[in-house]
Each structure stands twice: as C-alpha cells, then as structure tokens.
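Peer 1: Sharing a model that was predicted from the sequence below.
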Amino acid sequence: MTDIIDRLAGVTPGGTVDALRRHRPATRDNAQASYHALFENIEEASATLAERAAVAQFVAILHDDEVAAAHYAALTRESGGEALERAVTELAEAGRTEGPYGEYPAEGPLAGESVAGLRFAVDDHAREILGERTAASLEHAHLLVFRPRESSVAALTALGAAGWSTDGIVTLSQLVSFLAFQLRVAAGLRLLDTEDAA
C-alpha cells in the first residue's frame, strides 16, 4: 500500500529520500497510521469523511500545497460531491493570507505582540452549500492555521453551536494538527529530493 507522505512528496521507490524515510520505520508507520485513522478507518458519527476531506482540502490550499490540495479535493468530490469541492476551493482561495497573526489577551504580557490580520468567515451562499457544521469547521481550521493564539473556549463553543460534538471537535483539532505535520514533512521531502537530483 502506498504511503501517503511518499505519494504527496513524490518519493521515488529505491531513491535516496525513500532510503532516508525507511531508516526511521516507526516514524513512517505512525504517520501512515494517523492518516488511516483520520481518513480510512473512521467513525463517521464524530465527523463524516466528507467533512474531514473538506477540512483537509481547505488546509492544504491554505498551505499552498498543490499536490496535497489535489489529493484531498479528489477525496472531497468522492465523498461529498463536486459542489462541495468547488465551494471549499473558492473559500480557501479567499482565505489565503500570511501568518501567524492574531490578538493576545489585552491584559497579558504578550499584548504588545498582537498582529492584525484576516478574520475569515464563510459567506451565506457558501454556508448554504456546506451546511453549518462544515462552514464552522472551515472557520475553525482557518483560526488554527493562522491565528492559533486566539484559540479559546469561545471558539470551541461556536463549533458546538454548529452541531459539533465533543468527540467531533477533538477529531477536527487532531485533523488540522496532523495536516500541519503531514504537509510540512511532504514539503521538506520534496526539497530534499530536488537537492538530491541536483
């Protein structure tokens, strides 16, 4: 079975980067097991495959990872339909920015390091296509990617109000965290592969 990070990074079997990855089999296997748990062997009561795929597609686009974005867009289409995939693409393009940024508590020691930036929100038209749960999940994913310093009880409460259970919120947080890891590893391996080819 193809390792997802190898696939996203374009790792050539038998090449130098492949050998490097196989030098740490536990790390490689654990990353693949995480993907399997989040996207293949799943309990859809907490988060459906379409919801997971939409968030993954959105986060991959925010990270400017075209290969991963295409992979997860295909999964979104398969599990949620073309309208969902198109809506997620449009929203992610609108949500592209640079970060991290955000506001620290006004009374805290880091208040002076607060940085203004985009406050992403799903518009009413897209919300009708996505539904409340998915719309809220994308808004939360944008928060975690660009404004992690603003993660709060209020942010989690907004997910609950949109229909996310506690288990679903945990799954969503795990998903965004895993994607941050996966996309950075794939990008690093691509760079190594390019340097090796040179």
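Peer 2: Structure received. Numbering: from 1, shown residues only.
Peer 1: so where's this protein uncertain?
Peer 2: Along the chain, the parts satisfying pLDDT under 70 run over 1, 195-198.
Peer 1: Longest helix of it, counting residues only.
Peer 2: Using DSSP state H to define each element, the chain has its longest helix at helix 166-197.
Peer 1: And that one, what does it pack against?
Peer 2: On a contact count with 3 or more C-beta pairs under 8 Å, 6 or more residues apart in numbering; DSSP states H and E, helix 166-197 meets helix 4-9, helix 16-22, helix 25-39, helix 49-62, helix 66-80, helix 132-146, helix 153-161. In short, each C-beta sits where N, CA and C put it, glycine included.
Peer 1: Quickly compare these and say which is most buried.
Peer 2: Highest mean neighbour count among these (mean count of other C-beta atoms under 10 Å): helix 49-62, with a mean of 25.
Peer 1: got the angle between it and helix 166-197?
Peer 2: 40 degrees (axes from the mean of the first three to the mean of the last three C-alpha atoms, to 10 degrees).
Peer 1: Extract the C-alpha trace of helix 49-62 and format it as PDB.
Peer 2: Listed in PDB are the C-alpha atoms of helix 49-62, where the atom choice follows Å, rounded to 0.1, in the frame of the first residue of the first chain:
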ATOM      1  CA  LEU A  49     -15.500  11.600   5.600                       C
ATOM      2  CA  ALA A  50     -16.800  14.500   3.500                       C
ATOM      3  CA  GLU A  51     -16.300  16.900   6.500                       C
ATOM      4  CA  ARG A  52     -12.800  15.600   7.100                       C
ATOM      5  CA  ALA A  53     -11.900  15.800   3.400                       C
ATOM      6  CA  ALA A  54     -13.300  19.300   3.100                       C
ATOM      7  CA  VAL A  55     -11.200  20.500   6.000                       C
ATOM      8  CA  ALA A  56      -8.100  18.700   4.600                       C
ATOM      9  CA  GLN A  57      -8.600  20.200   1.200                       C
ATOM     10  CA  PHE A  58      -9.100  23.700   2.700                       C
ATOM     11  CA  VAL A  59      -6.000  23.400   4.900                       C
ATOM     12  CA  ALA A  60      -3.800  22.100   2.000                       C
ATOM     13  CA  ILE A  61      -4.800  25.100  -0.100                       C
ATOM     14  CA  LEU A  62      -4.100  27.500   2.700                       C
END
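Peer 1: okay, the angle between it and helix 66-80?
Peer 2: Relative orientation of helix 49-62 versus helix 66-80 (the same axes, to 10 degrees): 160 degrees.
Peer 1: about what we covered before: buried sites along the longest helix of the chain?
Peer 2: By 16 or more other C-beta atoms under 10 Å, the buried positions in helix 166-197 come out as 168-169, 171-173, 175-176, 178-179, 182-183, 185-187, 189-190, 192-193.
Peer 1: Of the helices and strands packed on helix 166-197, which is nearest Tyr101?
Peer 2: Of all the helices and strands packed on helix 166-197, helix 132-146 sits nearest to Tyr101, with 6.3 Å by C-beta to C-beta.
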